[in-house]
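In: give the three-dimensional model of this entry:
(one chain, ligands or ions: 2)
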Amino acid sequence: MPTQLLPATPENIARAAEILRGGGLVAFPTETVYGLGANALDAEAVARIFVAKERPFADPLIVHLSGPDQLPRVVRAVSPLSRILAETFWPGPLTLVLPKQPQVPPLVTAGLDTVAVRVPDHPVALALLRAADVPIAAPSANRFGHTSPTTAQHVWHDLHGRIDLILDGGATPVGVESTVLDASASPARILRPGGVTAEMLEAVIGPVTVLQRDPGSDRGLPSPGLLETHYAPHAELIFCQGRNARQALVAEVQAALAAGRRPGVLALDEETDVLARAGAIVYPLGADLGSVARRLYAGMRWLDAQGVDVILARDFGVGGLGLAIRDRLTRAATRVVTAD
Ligand code: TXA
Ligand code: MG
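Out: Ligands and ions are numbered 1, 2, ... in the order given. All right, here's what the predicted structure looks like:
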């Protein structure tokens with residue numbers, strides 16, 4: 001299938017909406033990452049998403065809406081707490097898990113009785129959702145298990161020849177996926193940390209918990225999509241954490257060089273000089289957590305393209321976006337080094 005890559009002009013957004021209404025696949029930018037969209041109420045169209053991504057059918061999708069007024073099309077009931085969260089954080093990177101309407105195909109929800117929904121905060125995504133006038137099921141627009149795409153070129157790299165159209169709206173501003181929240185649990189439970197931080201949620205609804213995954217196992221998970229080994233570059237990734245994470249990272253660079261391997265590092269701007277002098281290929285992540293989140297996936301893809309044998313990254317703590325960054329790096333990692 002020939003894939004078109006077009007700038008997100010009003011004409012091309014209208015064309016994309018037609019494709020979606022006709023059962024086709026369109027990749028589009030959201031504020032978090034690029035999504036691969038299909039009409040959520042068309043089971044055949046949704047099935048094409050799984051084929052294009054090589055995604056297991058057991059992994060449920062997020063349904064995107066143009067606004068909270070569209071909730072009744074896919075959701076059976078909205079609790080008062082979920083209503084407050086939607087009013088506070090939509091449009092934005094918060095996904096709510098809610099009881100599903102019967103007309104949502106089981107493929108969208110992997111047979112669960114709940115559906116994950118959000119209203120994205122991106123002008124192209126919102127214009128597309130309004131023009132298509134159907135709920136859009138959209139996972140991240142990457143091959144299953146690979147790093148999520150934050151540019152149209154990343155989508156092209158993973159999916160060209162497999163989808164109808166990619167709308168290019170530039171690099172995505174948040175860079176990590178939405179926070180997935182189960183607000184029916186008491187207290188509400190973060191299933192996947194993301195763009196809306198735990199602190200932001202707690203300021204509105206009080207204490208929340210964070211789902212703790214059993215490393216290397218998907219036992220007891222509310223959704224199979226939360227399993228390990230995800231968001232991964234092609235090179236081996238070593239994630240350094242603990243009080244002495246920086247020193248551990250430098251030691252891993254030296255060990256890789258001593259073994260005749262090419263190390264790449266994802267580093268803060270202030271750390272790049274010392275690491276480059278040590279012999280690593282360095283991708284600068286910027287100076288703050290917002291920039292780290294925005295540049296993280298592009299960095300993994302860039303280092304892969306440089307042909308490095310191993311990618312090194314360190315922990316940035318659990319405050320703010322640090323929790324989502326830790327989650328993604330842990331799940332992308334082939335090895336975790338804890339240095340206290
Ligand atoms: O930022 C985002 O959320 C991006 C953009 C495109 O919106 N989308 C995204 O979708 O990251 P995806 O498919 O890569 O991740 C969906 C996550 C999975 O971890 C899945 O398990 C979870 O949402 N999920 C979906 N439906 C669920 C449900 N009914 N219950 C629990 N978790 C669910
Ligand atoms: Mg994904």
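In: and the most far-flung residue of the chain relative to its centre, how far from ligand 1?
Out: Farthest-out residue of the chain from its mean C-alpha position, per C-alpha atoms, centre = their mean: residue 258, at 34.7 Å. As judged by C-beta to the nearest ligand atom, to the nearest Å, residue 258 and ligand 1 stand 37 Å apart. (C-beta placed from N, C-alpha, C; glycine too.)
In: again with residue 161
Out: Applying C-beta to the nearest ligand atom to residue 161 and ligand 1 gives a distance of 21 Å.
In: now the residue farthest from the centre of the chain: phi and psi?
Out: Reported as degrees, to the nearest 10, the phi and psi values for residue 258 are phi -60, psi -30.
In: give me the pLDDT for it.
Out: With respect to pLDDT, residue 258 scores 97.
In: the one 3 residues further on now?
Out: For residue 261, the pLDDT comes out at 97.
In: and if you look at residue 227?
Out: 46.
In: what are the boundaries of the helices in the stretch 201-340 of the chain?
Out: Ranges of helices within the stretch 201-340 of the chain are 245-258, 272-277, 289-305, 322-332, based on DSSP state H, counting those that start in this stretch.
In: please name whichever of those helices is nearest to residue 198.
Out: Nearest of the helices of the stretch 201-340 of the chain to residue 198, taken as C-beta to C-beta: helix 322-332 at 6.2 Å.
In: quick one on the thing from earlier: need the helices of the stretch 201-340 of the chain in a markdown table (columns: distance to residue 2).
Out: Shown next, in a markdown table, are those (distance: least, C-beta to C-beta, whole Å):
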| stretch | distance to residue 2 |
| --- | --- |
| helix 245-258 | 41 |
| helix 272-277 | 40 |
| helix 289-305 | 24 |
| helix 322-332 | 31 |
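In: quick check: which of those helices is nearest to residue 107?
Out: Using C-beta to C-beta, those put helix 322-332 closest to residue 107, at 24.0 Å.
In: C-alpha coordinates for that closest one, PDB please?
Out: These are the backbone C-alpha positions of helix 322-332, laid out as PDB (Å, rounded to 0.1, in the frame of the first residue of the first chain):
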ATOM      1  CA  GLY A 322      10.700  11.900  36.000                       C
ATOM      2  CA  LEU A 323       8.300   9.000  36.800                       C
ATOM      3  CA  ALA A 324       7.200   8.600  33.200                       C
ATOM      4  CA  ILE A 325      10.800   8.900  32.000                       C
ATOM      5  CA  ARG A 326      11.900   6.200  34.500                       C
ATOM      6  CA  ASP A 327       9.000   4.000  33.400                       C
ATOM      7  CA  ARG A 328       9.900   4.200  29.700                       C
ATOM      8  CA  LEU A 329      13.600   3.700  30.300                       C
ATOM      9  CA  THR A 330      13.000   0.700  32.600                       C
ATOM     10  CA  ARG A 331      10.800  -0.900  30.000                       C
ATOM     11  CA  ALA A 332      13.200  -0.100  27.100                       C
END
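In: contacts for it next, please.
Out: Applying C-beta atoms under 8 Å, 6 or more residues apart in numbering, the external contacts of helix 322-332 come out as 147, 176-177, 179, 192-195, 197-198, 210, 215, 228-233, 237, 239, 241, 289, 292-293, 296, 300, 313, 315-318, 336.
In: in that helix, what counts as buried?
Out: 322, 323, 324, 325, 326, 327, 328, 329, 330, 331, 332 (16 or more other C-beta atoms under 10 Å).
In: that helix: how far from the chain's middle?
Out: Relative to its parent chain, helix 322-332 has a centroid offset of 11 Å by C-alpha atoms, centre = their mean, to the nearest Å.
In: any part of that helix near ligand 1?
Out: No - in terms of C-beta under 6 Å from any ligand atom, no part of helix 322-332 sits within range of ligand 1; the closest distance is 10.3 Å.
In: the inter-axis angle of that helix versus helix 289-305?
Out: For helix 322-332 against helix 289-305, the angle by axes from the mean of the first three to the mean of the last three C-alpha atoms, to 10 degrees is 20 degrees.
In: quick check: mean pLDDT of helix 322-332?
Out: Here the average pLDDT along helix 322-332 is 97.
In: same question, stretch 301-317
Out: In this model, stretch 301-317 carries a mean pLDDT of 97.
In: can you give me the helices for the stretch 1-150 of the chain?
Out: 10-21, 43-53, 80-89, 106-109, 123-132.
In: any chance of the ones you listed in TSV, with mean neighbour count too?
Out: Below are the helices of the stretch 1-150 of the chain laid out as TSV (neighbours: other C-beta atoms under 10 Å):
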stretch	mean neighbour count
helix 10-21	18
helix 43-53	19
helix 80-89	17
helix 106-109	20
helix 123-132	21
